[in-house]
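S.K.: any chance you could fold what I've pasted below:
(one chain, ligands or ions: 2)
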Amino acid sequence: MQNLNSLQIELMSSLSGYIIRIREILPSIYPHKPLACVNTYGCQQNVSDSERIKGLLCEMGYDITEDDTKADFVLFNTCAVRGHAEERVFGNIGRMKQLKKEKNNMLVAVCGCMAQQQIICDKVKKSYPYVDILFGTKNIHKLPEYIYKRLTGSPRIFDISDELSDIIEGLPIRRDGKLKGWLPIMYGCDNFCTYCIVPYVRGRERSRKSEDIIAEAKQMIKDGFKEIMLLGQNVNSYGKGLEEDINFSKLLRKINALEGDFRIRFMTSHPKDCTKELIDTVAECEKVEKHLHLPFQSGSDNILHRMNRRYDSKAYLELINYAKERIEGVTFTSDIIVGFPGETYDDFKETLKVVSEVEFLSLFTFIYSARHGTPAASMPDPVSREEKGKWFSELLKFQEEISKRNYNALVGQSFRVLCDSISAEGKLSGKTLSAIEIEFEGDASLLGSFVEVRIDKFTNKLEGTIISKE
Ligand code: 5AD
Ligand code: SF4
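M.R.: Residues are numbered from 1 along each chain as shown. Ligands and ions are numbered 1, 2, ... in the order given. As a prediction, the model looks like this:
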């Protein structure tokens, strides 16, 4: 405990030292207030990390822009979960070559899950000489140091060291939204699903202390946030390794007990850690969304075993049925991988069986993508990409029919909806407590408030009418 505190204090004082020094030198380098652009790829964890990175950049004296052609500092916060995201990132980093030629003192940086891999770090070092800084997932707090050093003549910086296993609390944050906010509760993953790169690039599971999470949640509620999304690669194993007597269900109850009219969401849950206690907690906590994002990945027990998922389809369906019994109006979403190495069409049909039994609200579906260094990448994979594509389309069509049927069954019903966004055409949209999204007429003054909406029709989305306001 003693050590941790002194380490945190040391880090924060070094961090603020670099921030002060950057603020001092920026006016002599740029004739204008410098602009920074943060490009984010991948999951909500990255979006949340980028909010902390933007917080640091603002403290350093940058303004944030969405337009990288105007920026003096461009950062790519990358994702390594599937291959095509990587290709996109390299394409966009390539665009920086020309921009850098046109602008004095422009810096380009790469971070996130791709950057954490040695093979990518080496590739950037060798083939992308206009990248100034590359750093790993555990080094965000060192960004001011990297920028300061690079702006004052240091050679290019490559730092993917990951010896620091502590969570750095107290970084500034610049949130993207005002109503819906991300709140990370744990980092990393210990599960080692055989297809997944995350444990290698994000490291072992580390949970934040509940007092730090509660303090951040309270601040968000004070700042007017109406939806708090608790984030983690495996949220329901929250608490492992902490000294306090806590688990995810207890944390949910603590946040649920905070005063205010707000909603709590969470993702992602792993079926093997989804306990009856958690389902009971979701049922009993009025602020917790009646929706479970519970990725099952495959309906075939053989494939699940080879994925190292540590549950079978029977156990998964038992969980779903328990949740259906206990949580009124519960909805489900899931992640599915099609075409895992060695998967046959018969295995794939088992996946369709689970999809048809659960009746998901929607699905996040992916074709398997081999990731360097994972066990699955060296498993025999005889099925062609074209064949996998056919299975994938079959799955999409299958789910589309289920969604259509379920959405049509909602027509005529009314729900309490949190108005959370407005489209360019001026249409409001929001979600029910079960995460069902509805679009309706209304004006921007309703954003952040709760209204009762009756569902009128389902086109390719649910459309409704406000019948009362709170
Ligand atoms: N190939 C395809 N999909 C993957 N996912 C994770 N790794 C891979 C991979 N190698 C999917 C899983 C996970 C989601 C975030 O991404 O379905 O739940
Ligand atoms: Fe990857 Fe599995 Fe961990 Fe999810 S639980 S991040 S799929 S290793």
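
S.K.: Leu134: what secondary structure?
M.R.: Secondary structure assignment for Leu134 (DSSP: H, G, I helix; E, B strand; the rest coil): strand.

S.K.: revised request: answer the last question for Tyr18.
M.R.: Three-state assignment for Tyr18 (three-state DSSP): helix.

S.K.: who touches it in this structure?
M.R.: 144-145, 147-148 (C-beta atoms under 8 Å, 6 or more residues apart in numbering). Quick note: C-beta positions are derived from backbone N, CA and C, even for glycine.

S.K.: grab the nearest non-local neighbour of it.
M.R.: Nearest non-adjacent residue to Tyr18, counting by C-beta to C-beta, 6 or more residues apart in numbering: Pro144, 3.8 Å away.

S.K.: doesn't the one you found belong to a helix?
M.R.: Yes: under three-state DSSP, Pro144 sits within a helix.

S.K.: verify the stated contact: it with Met12.
M.R.: No: at 11.3 Å, Pro144 and Met12 do not qualify as touching, with contact defined as C-beta atoms under 8 Å.

S.K.: report whether stretch 270-285 contacts ligand 1.
M.R.: No: residues of stretch 270-285 are not located near ligand 1 by C-beta under 6 Å from any ligand atom, the shortest gap being 9.2 Å.

S.K.: report the buried residues of that stretch.
M.R.: Across stretch 270-285, burial judged by 16 or more other C-beta atoms under 10 Å covers 270-274, 278-279, 281-283, 285.

S.K.: identify the farthest-apart pair in the residues you listed.
M.R.: Put simply, by C-beta to C-beta the two of these set farthest apart are Lys272 and Cys285, 22.3 Å from each other.

S.K.: re the thing from before, more neighbours, Pro144 and Met12?
M.R.: Pro144 (22 against 15; other C-beta atoms under 10 Å).

S.K.: name the nearest residue to Pro382, ignoring sequence neighbours.
M.R.: Leaving aside its chain neighbours, Pro382 sits nearest to Gly342 (7.6 Å; criterion: C-beta to C-beta, 6+ apart).

S.K.: please report phi then psi for the one you found.
M.R.: phi 90, psi 0 (degrees, to the nearest 10).

S.K.: is it true that Asp456 touches Val411?
M.R.: Yes: Asp456 lies in contact with Val411 (C-beta under 8 Å); the separation is 6.8 Å.

S.K.: interface residues of the stretch 151-300 of the chain facing ligand 1?
M.R.: 195-196, 295, 297.

S.K.: and the residues you listed, which are buried?
M.R.: Neighbour-count burial (16+ other C-beta under 10 Å) is assigned, among these, to 195-196, 295, 297.

S.K.: check which helix or strand covers the residue lying closest to Leu446 once chain neighbours are set aside.
M.R.: Computed as C-beta to C-beta, 6+ apart, the closest residue to Leu446 that is not its neighbour in sequence is Cys419, at 4.6 Å. Here Cys419, judged by DSSP states H and E, is contained in strand 414-422.

S.K.: alpha carbons of that strand, as CSV, please.
M.R.: The C-alpha trace of strand 414-422 is given here as CSV (Å, rounded to 0.1, in the frame of the first residue of the first chain):
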residue,chain,number,x,y,z
SER,A,414,-44.9,2.2,-24.5
PHE,A,415,-41.6,2.6,-22.8
ARG,A,416,-39.7,5.1,-20.6
VAL,A,417,-36.9,6.3,-22.8
LEU,A,418,-33.8,8.4,-22.1
CYS,A,419,-33.4,10.9,-25.0
ASP,A,420,-29.8,10.6,-25.8
SER,A,421,-29.1,11.8,-29.3
ILE,A,422,-30.4,13.9,-32.1
